[in-house]
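Peer 1: got a predicted model here, sequence first, then my questions.
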Amino acid sequence: MESAPGEITRLLAEVRGGNRSVESQLAELLYPELHKVAERYMRRERGNHTLQPTVLVNEAYMQLAHRRNDWKSRAHFIALAAQVMRQILVDYARQNHAVKRGGEFLRVEFNPLTLGSTASIEKFIALDEALSRLAEWDPRQARIVELRFFGGLTEEELAEVTGTSVRTVRRDWSMAKDWLHSQIGR
């Protein structure tokens, strides 16, 4: 079911305002959007990963359902979903790493940041830790990386979500990528 981003934003506002009758319509419109985000994440995971995009979408949506007051627009909702999905996968990776310490490691690909064609679980966790350090230094830059890289938001959507200009988004994206490369290695 195709819809304009404005329709999703309108329905999000209705749900935030207490209109529970549009929740199923909203979920139907959001599902394809969330599935795209989940697929972006899962493309970077190993081929035999036990989590599937649909499971990731469902888990994220369940967590987001408790945060209705945070839903401001379609772009903002997708941004929140990307953050939740990242945390689900990081938690899963850490849990897997603890269980498999010394055994076969989970593999994750991070092609857009040119971290190599396949990165081990340590690289995935290193990226998460580097993003956390970046967030301490510059929360906006960390959020832009997360939402652009994992959430697939455009520069215009990032500007809306962060309350900045497209030019600021471009500058922050460039600076953050350089900083992350210096932290994780090329």
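Peer 2: Cool, got the structure.
Peer 1: going along the chain, name the helices of the protein.
Peer 2: For the chain, the helices defined by DSSP state H occupy 5-16, 23-43, 53-65, 74-100, 121-137, 139-145, 155-162, 166-184.
Peer 1: quick one: contacts for the residue sitting nearest the centre point of the chain?
Peer 2: Centroid check for the chain by CA atoms, centre = their mean gives Ala82 as the closest residue, at 2.2 Å. Contacts of Ala82 were listed using CB atoms under 8 Å, 6 or more residues apart in numbering, and they are Val37, Glu146, Leu147, Phe150, Gly151, Gly152, Leu153. The way it works is simple: take the backbone N, C-alpha and C, and place the C-beta from them, glycine included.
Peer 1: try Leu134
Peer 2: Each residue near Leu134 by CB under 8 Å, 6+ apart is listed here: Gln141, Ala142, Val145, Ala176, Trp179, Leu180, Gln183.
Peer 1: low-confidence stretches in the protein?
Peer 2: Confidence mapping of the chain against pLDDT under 70 gives the ranges 1-5, 44-51, 69-70, 96-122, 124, 185-186.
Peer 1: coming back round to it: deepest of the helices of the chain, which one?
Peer 2: With neighbours taken as mean count of other CB atoms under 10 Å, the helices of the chain reach their highest mean count in helix 139-145, at a mean of 21.
Peer 1: between the two ends of stretch 162-170, how far is it?
Peer 2: One end of stretch 162-170 sits 12 Å from the other (CA to CA, to the nearest Å).
Peer 1: so how far is that stretch off the chain centroid?
Peer 2: The gap between where stretch 162-170 is centred and where its chain is centred comes out at 18 Å by CA atoms, centre = their mean, to the nearest Å.
Peer 1: now stretch 12-30
Peer 2: Averaging C-alpha positions (CA atoms, centre = their mean) puts stretch 12-30 21 Å from its chain's average.
Peer 1: end to end, how far does it reach?
Peer 2: For stretch 12-30, the first and last residues are 10 Å from each other (CA to CA).
Peer 1: shift numbering so it begins at 46
Peer 2: Okay, residue one is now 46; in that scheme the one you just asked about reads as stretch 57-75.
Peer 1: let me see the contact set for the nearest residue to His121 once chain neighbours are set aside.
Peer 2: Nearest in space to His121, with sequence neighbours left out and distances taken as CB to CB, 6 or more residues apart in numbering, is Val206 at 5.4 Å. Under the criterion of CB under 8 Å, 6+ apart, the contact list for Val206 reads Ser118, Ala120, His121, Ala124, Arg188, Leu192, Leu198.
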